[in-house]
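**Student:** Below are the sequence and a predicted model for it; my questions follow.
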Amino acid sequence: MSKGRILVAMSGGIDSSLAAVLLHEEGYEVIGMTMKTWDYQNSGGSKKETGCCSLDSINDARNIAVDLGFPHYIIDIREEFGDYVIDHFTNEYLSGRTPNPCVLCNTHIKWDALLRRADKLGCDHIATGHYANVREENGRFVVSKGLDDYKDQSYALWGISQESLSRTKFPLGKLKKSEIRDMATERGFHELVQKSESYEICFVPDNDYRGFLKRRVEGLEKEVDGGEFVLEDGSVVGTHEGYPFYTVGQRKGLGIALGYPVYVTEIQKDKNRVILGTFDELSRDGMYVNQLNLQKYSSIDNERKDTITKVRYNDTGTPAVIEQVGDTMKVFFGNGVSAIAPGQAAVFYEGEDVIGGGWISQSFHQASSN
C-alpha cells in the first residue's frame, strides 16, 4: 500500500538518485523531477558541460525512473534562477561582498519550484538527496546535521521556511556516503558509483568567477583596474586588478610580495581598495547577521544563547554567543574567527540542531562594536 505521493528532486547524481530509490522501496509513489537551471554555453566558460544541468545528468536521472517504473519530469527554471541567483551573485561581488549562490538557490528557488510542482502533481511531500535530517518538535520543524559528518549539508538549509520543511523529507540523513555507494552497487547502479562529484558553482563550470564577472559586466575590468592594496595601518603597498576580484581571507593570487604572508582582511568598494593584513589581523571578534530565518525557535529576542556558529560551508564551527536585536543577530566569538566574509551565510547550531541563520553583513572587533 502506498505511503503517499512524493516529488523527488533528481540531479542525476548518486545521492538524489538513491534518495528516489529508497523512497520507492519504502512504498512511496515517487515522481522524479530534474530542474534545468542554467545553460553552460551562456556562461562563456571553457569547460565542457557537466553537473546537474547537463544532458548526461538529466538522462541519468530519467534512466533511474525508467528502471524503477516511476514518472520523471524536467522543469525549466532558467529564467527565475538567472534573474534571482545569478543577478544576486554578480551584484554581491560588485558590492564588495562574497556571495553564496548555492544556499540562496536552495532557499529561494529550488524549494519553491518543487513545492509548486508538487501541488500540481498532487504530492504531499518533496524529498532531496541532502545529508541532513528534519523533525517536528514543539510545533517547529527543525533541521539537524546528517549522520555523516564529512557530508553534512545542514549549513545550506538554514533558509528553508517552516511551511516548506513541514513537507520535506531527507532520506539520506541517517546514512553515510559509504553506505549509499554500497547500496547503489548492490542494486546494479555501477555508473552512479563511478560518477565524479562536482563542487563548483553550477553556472561557473570552469570555477573562474572572475572570468564570469568580466564576461557578464561589460567594461568591468577597465572600470575597477588599478585600485590600491593598503595595509591595516593605511600604508599603500601596490595596485590590484579591481576590488570585485578578491575575497576576504584570500592569500593566493594577490600578485604582491611583502616578504611575509598577507591576506585580504577587508574590501572597500567605494574606494576600490583591498585591505591586506597578517593572519592575526584577519581575525574578528564578532559579526552582525541580517535577513534571519529561525528554525528551532520562533524568536530568541532579549536572550543570549550559546551556540556553535559556522561562517562558511566547510567551517567546523566556533563557540559563539548570539543575541537577537530585532531583525539582526549580533554574534560574539570568545577567541575570534578568521576570514569572516560579508555576503556569506552564518548558521547557528545548538548541538546537532540548526537554530537558524542569515547573511553576514559586517564583522567587528569587540572594542568597536559597543
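**Tutor:** Sure thing, it's come through. What you see is a predicted model, and the numbers here were worked out from it, not measured in a lab.

**Student:** secondary structure element for Ala113?
**Tutor:** Ala113 is part of helix 111-120, with elements assigned from DSSP states H and E.

**Student:** What is the burial count for Arg62?
**Tutor:** Residues near Arg62, counting by other C-beta atoms under 10 Å, number 17. (Each C-beta comes from the backbone N, C-alpha and C, glycine too.)

**Student:** How about the contacts made by the residue lying closest to it once chain neighbours are set aside?
**Tutor:** Of all residues not flanking Arg62 in the chain, His72 sits nearest, at 4.9 Å (C-beta to C-beta, 6 or more residues apart in numbering). Contact analysis of His72 by C-beta atoms under 8 Å, 6 or more residues apart in numbering lists 10, 31-34, 61-62, 64-66.

**Student:** at 7 Å what do you get?
**Tutor:** 32, 61-62, 65 (C-beta atoms under 7 Å, 6 or more residues apart in numbering).

**Student:** again, but for Thr328
**Tutor:** By C-beta under 7 Å, 6+ apart, the residues touching Thr328 are 288-290.

**Student:** Look up how far Arg62 lies from it.
**Tutor:** Counting by C-beta to C-beta, to the nearest Å, the separation of Thr328 from Arg62 is 45 Å.

**Student:** next one: Arg284
**Tutor:** When distance is defined by C-beta to C-beta, Arg284 is 47 Å away from Arg62.

**Student:** and the helix or strand encompassing Glu223, how far from the chain's centre?
**Tutor:** Glu223 is part of helix 220-224, with elements assigned from DSSP H and E. In terms of C-alpha atoms, centre = their mean, to the nearest Å, the centre of helix 220-224 is set 28 Å apart from its chain centre.

**Student:** and it, what does it pack onto?
**Tutor:** On a contact count with 3 or more C-beta pairs under 7 Å, 6 or more residues apart in numbering; DSSP states H and E, helix 220-224 meets helix 209-216.

**Student:** Tell me the buried residues in the helix it packs on?
**Tutor:** Going by neighbour count (16 or more other C-beta atoms under 10 Å), the buried part of helix 209-216 is 209-214, 216.

**Student:** And the furthest pair within the residues you listed?
**Tutor:** Greatest spatial distance among the buried residues of helix 209-216 (C-beta to C-beta): Arg210 and Arg216, at 10.9 Å.

**Student:** neighbouring contacts of the helix or strand where Ile308 lies?
**Tutor:** Taking DSSP H and E as the criterion, Ile308 maps to strand 304-310. Strand 304-310 is contacted from outside by 155, 317-323, 331, 346-350, 355, using C-beta under 7 Å, 6+ apart.

**Student:** how about 8 Å then?
**Tutor:** 155, 316-323, 331, 333, 346-350, 355.

**Student:** ok, now which ones touch Thr247?
**Tutor:** By C-beta under 8 Å, 6+ apart, the contact set of Thr247 is 98, 264, 267, 341.

**Student:** Let me know the pLDDT of the third one.
**Tutor:** It refers to Ile267. You'll see Ile267 listed with a pLDDT of 97.

**Student:** Setting the sequence-adjacent residues aside, check what's closest to it.
**Tutor:** Nearest residue to Ile267, sequence neighbours excluded (C-beta to C-beta, 6+ apart): Gly96, at 4.1 Å.

**Student:** Next one: that neighbour from Val248, what distance?
**Tutor:** Counting by C-beta to C-beta, the gap from Gly96 to Val248 is 9 Å.

**Student:** Common neighbours of the two, please.
**Tutor:** Joint contacts of Gly96 and Val248 (C-beta under 8 Å, 6+ apart) are 267, 342.

**Student:** neighbour-wise, which of those two wins?
**Tutor:** Between Gly96 and Val248, counted using other C-beta under 10 Å, Val248 has the larger neighbour count: 25 against 22.

**Student:** A strand includes the more buried one, no?
**Tutor:** No: if the criterion is DSSP: H, G, I helix; E, B strand; the rest coil, then Val248 is coil and not within a strand.

**Student:** my guess is it meets Val264, correct?
**Tutor:** Yes: Val248 is within contact range of Val264, at 5.4 Å (criterion: C-beta atoms under 8 Å).

**Student:** Share the number of residues neighbouring the residue lying closest to Gly226 once chain neighbours are set aside, please.
**Tutor:** Computed as C-beta to C-beta, 6+ apart, the closest residue to Gly226 that is not its neighbour in sequence is Thr239, at 5.2 Å. For Thr239, the count of nearby residues is 15 (other C-beta under 10 Å).

**Student:** what does His24 give?
**Tutor:** 19.

**Student:** next one: the one 5 residues further on
**Tutor:** Around Glu29 there are 16 other residues, counting by other C-beta under 10 Å.

**Student:** mind listing what the residue nearest to the spatial centre of the chain touches?
**Tutor:** Central residue of the chain (C-alpha atoms, centre = their mean): Val103, 3.1 Å from the mean position. Taking C-beta under 8 Å, 6+ apart as the contact definition, Val103 lies against 155-156, 158-159, 345.

**Student:** now Val325
**Tutor:** Contacts for Val325 were tallied using C-beta under 8 Å, 6+ apart; they are Asp301.

**Student:** so Ala346 touches Tyr288, yeah?
**Tutor:** No: checked against C-beta under 8 Å, the pair Ala346 and Tyr288 is beyond contact range at 9.5 Å.

**Student:** Where does the prediction get shaky in the stretch 201-350 of the chain?
**Tutor:** Within the stretch 201-350 of the chain, no stretch has pLDDT under 70.
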